[in-house]
Structure formats: C-alpha cells, structure tokens
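Q: Give me the fold of what follows.
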Amino acid sequence: MARKYALEQFRNIGIIAHIDAGKTTTTERILYYTGKTHKIGSVDDGTTVTDWMEQERERGITIVSAAVSAVWKRHLINVIDTPGHIDFTAEVQRSLRVLDGGVVVFDAVQGVEPQSETVWRQADLYRVPRICFVNKMDRVGAAYERTTDMIRDRLGANVVTIQVPIGVEDQFRGVIDLISQKAFIWEDQSGSAPVEIDIPAELKEQVDSSRNQLIEAIAETDEELTVKFLEETEIGEDELKIALRAAVINNQITPVLCGSSLISTGVQPLLDAVIDYLPSPLDIPPVEGIDPKTNETLTRKPDDDEPLSGLVFKIVTDPYVGRLAYIRIYSGMIEQGTTVLNPGKQKRERIGRLIRMYADRREDIEKAGAGDIAAVLGLKNSFTGDTLCEIGSPVLLETISFPDPVIMVAIEPKTTADQDKLATALKKLSEEDPTFQVRVDGDTGQTLISGMGELHLEVLVDRMLREFKVQARVGRPRVAYKESITRTVDKVNYRHVKQTGGHGQYGHVVLNLEPGVDGSGIVFEEEIRGGVIPREYISAVEKGVRAAAESGVLAGYPVTDVKVTLIDGSSHDVDSSDLAFKMAGSMAFRQGIQKGSPVLQEPIMKVEVVIPEQFLGDIIGQVNSRRGDVQGMDAHPGGSQGVRAMVPLAEMFGYATELRSATKGRGAFTMEFDHYSKVSMELSQKIIVGE
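A: The predicted structure is shown next:
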C-alpha cells in the first residue's frame with residue numbers, strides 16, 4: 001500500500017500532565033492550528049473535541065484518553081489527550097505504553113504538582129522521550145525558571161530551556177528560540193500568525209547566557225560537538241537540532257518550551273518541537289516479544305513488510321457501533337476482513353471493520369500499517385494488553401500492568417428489571433477499564449465494585465445510568481483492604497477425599513507458604529519430583545490457590561503478596577480429577593493463611609495539601625491526627641505552603657470538608673495511591689469487628 005505519509009513523518013505523542021495544567025486546551029490549539037478544526041473549543045464551555053463525554057463536559061476534566069490525528073508541516077501527528085486526575089491514571093499508563101513520545105504540560109504558577117510526578121514516573125517506566133511545555137505564562141505568579149528548576153530537582157530530569165519568554169504574567173506576549181535566535185510575538189487573539197521581531201535589547205544578555213548553557217548541554221551528548229565547543233568553534237543551527245533530537249530520543253535531555261495555550265501563544269513552536277525532537281516509529285528500537293511456543297525473544301521492526309504485530313491498549317463500548325479495540329501497530333499491516341491471532345489466548349480474531357478515530361467520531365479505513373494507531377471492530381476475545389499478530393508468525397508482546405483498586409462500594413439494582421442490565425453494564429465497563437473490578441462477596445452475596453477513588457466510581461455509576469439506563473443503589477465507599485501473612489508456613493498437608501456411589505474424588509497436596517515481595521500478588525511455583533502429582537493436575541492446584549486468595553480468612557478481603565510452592569502430594573488412578581486437586585489446593589491455601597499470622601494491609605495515599613502559611617500548624621495537626629506521616633514542605637507562590645504526607649486512605653474520607661473549614665475555603669489537596677502497608681493488630685481488630 002502506498003503510504004500517504006512515510007514512517008519518518010509519523011509522530012505518536014501523548015499530552016500528559018497534572019489535572020488543570022492545560023492539556024485539553026493545548027490539544028484544542030493544536031487541532032486548530034493544524035487545520036483540523038475551524039473553531040477553538042473551550043473546556044469551560046464544554047465545546048472541546050477530546051473531552052466529548054457528558055461527564056467530562058460537566059466536570060471540566062478529562063476522564064478517558066482520546067485519540068485525534070492532525071497534520072503539521074507534512075507530518076502526521078497522532079495525539080492522545082490523557083486525563084490528569086489520579087483516579088483515571090490507568091488511561092495515562094496504557095497510552096504511554098504505546099506512544100513514541102510525550103509532551104508534558106506544567107502550570108507555570110504551580111510548577112511540578114503531585115500528578116506531574118506520577119505521569120513522569122510512568123513515562124520513565126516505558127522510556128518515553130518527552131518535551132516539556134510550561135503553560136499559563138500569562139497568569140499572576142508565573143515563573144518559568146522556578147518551574148524548570150522544580151522539574152530538574154523533583155523529577156531528576158536533565159532539562160534544558162530552548163526558549164526564553166518575552167514578558168511574564170500579563171506582559172507575556174512571545175518567545176525567543178535559543179537555537180535559531182529568533183524572537184516571535186503573538187498579536188491577535190486567535191494566535192494564528194506569530195510575528196518575527198528583533199530580540200529585545202533588555203533580553204540579549206539573558207539569551208546569550210541561556211544559549212551558551214544550551215549549547216554546552218547538547219555538546220556533552222555528542223563527541224564531535226564536544227570538540228567544537230572546547231575549541232570554541234561555531235556550531236550551526238542544523239548541527240544543534242540533529243544532536244538535540246538524538247539526545248531527546250535517547251532520554252539524555254528534555255527540552256523545555258513555554259507559552260499560554262489559553263491566549264493562543266507559543267503553540268506553533270511547540271508543534272515544531274514535536275516534529276524536530278520527538279521520535280518517529282523508526283527512531284525507537286524494534287519492539288520485542290516472545291515466541292509463545294519456545295519462549296525465545298523475537299523482534300519486530302517498524303516495517304509494513306514485516307509480519308503483523310500490534311497491541312490492544314484500550315477497549316471502548318461505542319453506543320453506535322459496539323465494542324471498539326484501539327490497537328497500536330508495531331509491524332506489518334492490518335486489513336479489514338482478515339483473520340489474525342491472539343497468541344496469549346490462542347484464539348483467532350476476524351477484523352470486522354477498521355476505523356480511524358477522531359475523539360468520538362469515526363472514519364472507516366481499509367488498511368493500517370506499522371507505526372499507526374487504529375480501532376478495530378469485531379474482536380470477541382481480545383482485551384486491554386492483548387497482542388494481535390499474523391497467524392503464521394506468532395509473537396507475544398509485553399502486556400500492560402495496572403495498579404490495584406483502593407476503594408470499593410456495594411451496588412445493587414433498584415428493580416428486578418435492572419438486574420440483567422446491571423450485570424451487562426458492569427461487564428462492559430470492567431472490559432473498558434482494567435482498574436474497575438467487580439466481585440461478589442461470598443458471605444453477603446453483595447456485588448462490590450472497586451476503583452481508584454470516589455470520583456472514579458462516581459463517574460462509572462453515572463455512566464451506568466446514562467449509557468446503560470441502569471437504576472442502581474450505591475453504598476458508602478469502603479477501603480479496599482488486603483490480607484497477607486507475616487511468617488513462613490511449611491508443609492501444609494491437605495487431602496481432599498470424597499466417596500460417592502460411582503467415582504470418588506481424591507486430591508492430595510503439600511504446600512509451603514511464605515510472605516512475598518510487596519506488590520508481588522500471589523506467586524505460585526511447583527517443585528514436584530517423581531510425578532507424585534501428574535502434570536495435568538498442577539494447573540488445577542494453582543487455580544484452587546488463586547480462587548481461595550480472592551477471599552481471605554480475617555475479613556474476606558483478597559489475599560496478596562504470598563509465595564506458594566507446591567512441594568508434594570499424591571494422586572489416585574481412578575478418583576483424581578481437576579476438581580479434586582482444585583479443592584485440595586484451595587483448602588490447603590486457606591489453612592496455610594490461618595497458620596501464617598495473617599494481617600490486614602491498607603492503602604497508603606501520597607497527599608499534598610496547599611494552604612496559606614498562617615494555617616500551616618493547624619494542617620500539620622490535622623495530618624498527624626489522621627495517622628499521617630509528614631514527608632516534607634515546599635514553598636508555593638503567593639506565600640502558600642505545600643505539605644507532603646503519607647496518609648492511610650481510611651483516614652481521608654471527609655477530609656475536603658474539614659480542610660475547607662480550617663482554612664476558610666482557601667486550602668486544596670490532592671492525593672494518589674502510593675503503596676499498601678500492614679495495619680496494627682489493635683486497628684485490625686477494630687476493622688474486622690466493624691465489618
């Protein structure tokens with residue numbers, strides 16, 4: 001297929017940031033200046049392209065990542081606008097997994113905020129090259145250098161400024177490009193035509209100093225430029241751009257630009273930087289996977305002639321066309337009407353329709369090639385994190401891992417008629433969102449839904465009502481505790497024997513249990529010697545263990561961070577079966593947990609409270625009274641103070657009201673999940689009794 005755009009002209013980028021830093025506003029300006037839209041949308045008015053859900057427009061926040069495509073200077077840019085609220089962090093994680101580059105937006109007044117750190121660490125995890133855009137330079141308290149220093153200090157990034165702002169706060173009107181040494185100002189409100197001017201005399205000294213620092217930083221990454229720099233030889237603009245691009249792609253340098261998307265200033269140079277410095281699919285290493293049969297490592301180059309390999313990174317239930325699967329194609333071609341393989345599940349899938357998405361709008365296409373992002377209609381067995389590949393050349397790509405939910409509520413249908421609709425809605429929503437989990441409490445029979453926070457569950461319940469027309473009663477939010485063990489238990493011996501009229505049931509296992517590494521979940525290993533348990537029954541033992549781990553022995557919470565080793569057992573020629581060994585594994589695990597000094601674990605949240613300085617003492621007292629551990633304090637613009645602390649989630653319910661009351665409405669806080677921690681015995685008893 002003749003491509004309209006060559007692979008080197010592709011840019012797959014994500015716009016990532018803390019909530020309210022200006023991601024969606026920046027995306028709107030990108031779409032407008034690239035000619036994709038003819039009117040600039042507003043977050044406040046609910047008229048943006050990428051915030052298309054009713055819940056997003058009502059709340060003025062991004063909830064689901066939206067993919068749009070635009071063309072700038074003969075380059076095709078696939079843009080994913082991601083959420084900034086921590087409750088929807090899974091949307092950022094799965095987007096970063098499949099993107100080649102990122103634009104990290106920072107608020108010039110607030111600098112590095114808590115969610116800025118989270119998305120930065122997520123980008124580090126997937127080694128995503130990125131550039132920074134310091135937004136809102138026109139606001140009171142904006143500080144370009146302070147924000148750049150915060151990025152360097154708090155995120156550990158090797159940042160270099162490639163622009164100097166012209167003016168600040170209400171005087172901000174343009175930028176100076178340090179590489180080309182050109183100055184631009186934006187005179188009209190639409191911002192569509194930047195005007196080149198001479199560098200203002202009062203900024204020349206600052207520009208010279210900043211440019212020397214920039215050249216030195218770039219030269220350190222390139223041997224030839226290092227020699228030129230030391231010999232004080234002039235380094236040309238093209239040489240600087242080529243070297244800076246290589247350094248960005250190798251994650252050696254992160255360039256910083258500035259502007260104000262709201263007043264349409266500085267967005268065109270940002271687009272130029274995306275093309276000049278962020279990678280095309282050809283610039284990133286070939287994707288690696290494993291052969292599902294031999295476990296050998298395989299690579300796939302970004303080439304249409306290679307065998308197909310792609311990763312499903314997002315599932316969306318579209319009310320008009322059904323279940324859509326977003327796929328990033330790493331190699332080969334995918335065509336409408338063809339059959340492909342899901343190697344993880346050994347299932348064949350037919351590509352019903354191939355669609356290019358433009359937020360919530362659709363355009364049918366016949367083919368998509370390496371480096372592209374498309375949506376597929378018609379997949380029945382493929383979900384987030386699954387690989388699609390050519391039937392004759394199977395490869396299994398690395399899947400996407402997501403954090404566990406930390407909060408849950410009970411939900412029940414209001415009427416009998418709503419019962420089936422509720423089950424359907426919960427199934428579809430959990431397919432879309434890996435951090436939304438549904439389970440039935442074995443003791444009470446209640447349906448429990450779990451998510452990343454109160455807003456997360458509130459939005460999902462609202463979607464049930466509007467999209468699926470389900471009327472449901474929702475209980476009070478509860479903390480998603482977990483259970484684990486604190487000591488090793490050796491040789492838990494369980495024999496499952498049941499005699500009936502015909503064949504009986506016989507399964508005998510011996511397990512060792514030991515506390516696992518934090519965040520490891522349930523790890524199952526086997527050390528069976530001499531075939532005392534036939535190989536075909538070992539997977540049944542593991543299934544029994546994992547089924548039993550869904551409900552612990554203290555208060556029925558899931559068991560986690562336990563390593564289970566199957567070391568011995570026995571079988572019967574006639575009476576042994578999968579069911580018998582599953583029961584034996586399940587009961588042996590429960591017995592082992594009871595002997596392992598089980599404890600409750602609770603989610604600990606990373607909290608940042610920003611308040612006027614006069615309330616600092618009261619707020620530290622509040623944090624301490626909620627079993628919080630103050631980690632540090634930071635000065636914020638305008639005489640405000642930021643208090644960073646670790647606080648148990650159980651203590652954070654109702655905190656917003658208490659904070660507003662204590663600070664006369666002037667305080668604000670953000671929180672995000674950090675880790676699970678053991679609960680003291682005294683508190684455990686209160687929680688268990690409270691259940």
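Q: how about residue 92, phi and psi?
A: Here is the backbone geometry of residue 92 (degrees, to the nearest 10): phi -70, psi -40.
Q: Which residue ranges of the stretch 51-200 of the chain form strands?
A: 66-72, 75-81, 101-107, 130-135, 159-161, 163-166, 174-177, 182-185, 195-197 (DSSP state E, counting those that start in this stretch).
Q: Doesn't residue 604 lie inside a strand?
A: Yes - Residue 604: assigned to a strand according to DSSP: H, G, I helix; E, B strand; the rest coil.
Q: That one and residue 675, how far apart?
A: With distances taken as Cβ to Cβ, to the nearest Å, residue 604 is found 5 Å from residue 675. Using the backbone N, CA and C atoms, a C-beta is placed for each residue, glycine as well.
Q: Throw the strands of the stretch 51-200 of the chain into JSON lines and include mean neighbour count, thanks.
A: Formatted as JSON lines, the strands of the stretch 51-200 of the chain follow (neighbours: other Cβ atoms under 10 Å):
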{"stretch": "strand 66-72", "mean neighbour count": "20"}
{"stretch": "strand 75-81", "mean neighbour count": "23"}
{"stretch": "strand 101-107", "mean neighbour count": "26"}
{"stretch": "strand 130-135", "mean neighbour count": "27"}
{"stretch": "strand 159-161", "mean neighbour count": "21"}
{"stretch": "strand 163-166", "mean neighbour count": "25"}
{"stretch": "strand 174-177", "mean neighbour count": "24"}
{"stretch": "strand 182-185", "mean neighbour count": "19"}
{"stretch": "strand 195-197", "mean neighbour count": "12"}
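Q: if we can go back for a sec, between residue 604 and residue 675, who's got more neighbours?
A: More neighbours surround residue 604 than the other of residue 604 and residue 675, with 20 against 12 (other Cβ atoms under 10 Å).
Q: isn't the more buried one right up against residue 651?
A: No - counting by Cβ atoms under 8 Å, residue 604 sits too far from residue 651 to count as a contact (10.0 Å).
Q: quick one: residue 641 and residue 632 touch, right?
A: No - at 10.9 Å, residue 641 does not count as touching residue 632 under the criterion of Cβ under 8 Å.
Q: who has more neighbours, these two?
A: Legend: neighbour count by other Cβ under 10 Å for residue 641 and residue 632, higher for residue 641 (18 against 9).
Q: In a markdown table: the strands of the stretch 51-200 of the chain, plus distance to residue 387 and mean pLDDT.
A: As requested, those are arranged in a markdown table below (distance: least, Cβ to Cβ, whole Å; pLDDT from 0 to 100):
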| stretch | distance to residue 387 | mean pLDDT |
| --- | --- | --- |
| strand 66-72 | 20 | 79 |
| strand 75-81 | 20 | 84 |
| strand 101-107 | 22 | 92 |
| strand 130-135 | 26 | 94 |
| strand 159-161 | 35 | 94 |
| strand 163-166 | 41 | 94 |
| strand 174-177 | 42 | 93 |
| strand 182-185 | 45 | 92 |
| strand 195-197 | 48 | 90 |
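Q: export the ones you listed to CSV and tack on distance to residue 569?
A: Below are those laid out as CSV (distance: least, Cβ to Cβ, whole Å):
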stretch, distance to residue 569
strand 66-72, 51
strand 75-81, 49
strand 101-107, 50
strand 130-135, 52
strand 159-161, 58
strand 163-166, 67
strand 174-177, 70
strand 182-185, 74
strand 195-197, 79
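Q: and residue 212, which of those is closest to it?
A: For residue 212, the closest of those is strand 159-161, at 11.5 Å, according to Cβ to Cβ.
Q: Show residues contacting that closest one.
A: Here strand 159-161 makes contact (Cβ atoms under 8 Å, 6 or more residues apart in numbering) with 132, 144, 148, 151-152, 178, 210, 213-214, 217-218, 253-256.
Q: Now the buried members of these.
A: Neighbour counting with 16 or more other Cβ atoms under 10 Å marks 132, 144, 148, 151-152, 178, 210, 214, 217-218, 253-256 as buried within the contacts of strand 159-161.
Q: Out of those, which sit inside helices?
A: Judged by DSSP state H, the subset of the buried ones among the contacts of strand 159-161 located in helices is 144, 148, 151, 152, 210, 214, 217, 218.
Q: farthest pair in the residues you listed?
A: Comparing all pairs in those by Cβ to Cβ, the longest separation belongs to 144 and 218, at 19.7 Å.
Q: Which residues does the helix or strand residue 616 falls within contact?
A: Taking DSSP states H and E as the definition, residue 616 sits inside helix 616-625. Helix 616-625 has contacts (Cβ under 8 Å, 6+ apart) with 607, 609, 611, 630, 633, 641, 643, 645, 647, 655, 658-659, 662-663, 667.
Q: Kindly recompute the last result at 7 Å.
A: Helix 616-625 is contacted from outside by 609, 611, 630, 641, 643, 645, 647, 658, 662, using Cβ atoms under 7 Å, 6 or more residues apart in numbering.
Q: just stretch 218-235 next, same as before
A: Outside stretch 218-235, the residues within contact range by Cβ under 7 Å, 6+ apart are 215, 216, 239, 240, 243, 244, 247, 252, 253.
Q: How far off centre is it?
A: 38 Å (Cα atoms, centre = their mean, to the nearest Å).
Q: Quick one: end-to-end length of that stretch, please.
A: With Cα to Cα, to the nearest Å as the measure, the first residue of stretch 218-235 is 11 Å from its last.
Q: average pLDDT across it?
A: For stretch 218-235, the mean pLDDT works out to 86.
Q: Flag the shaky bits of the protein, pLDDT-wise.
A: The chain contains residues with pLDDT under 70 at 1-3, 37-66, 83-90, 189-191, 318-321, 357-361, 442-444, 500-502, 636-638, 690-691.
Q: tell me the centre residue of it?
A: residue 93 (1.9 Å; Cα atoms, centre = their mean).
Q: Now that one: closest residue in space, sequence neighbours ignored.
A: Sequence neighbours aside, residue 122 is the residue nearest to residue 93 in space, at 5.5 Å (criterion: Cβ to Cβ, 6 or more residues apart in numbering).
Q: And for residue 608?
A: With Cβ to Cβ, 6+ apart as the criterion, residue 608 has its nearest non-adjacent residue at 4.8 Å, and that residue is residue 114.
Q: Hmm, that neighbour is touching residue 672, no?
A: Yes - under the criterion of Cβ atoms under 7 Å, residue 114 makes contact with residue 672 at 6.1 Å.
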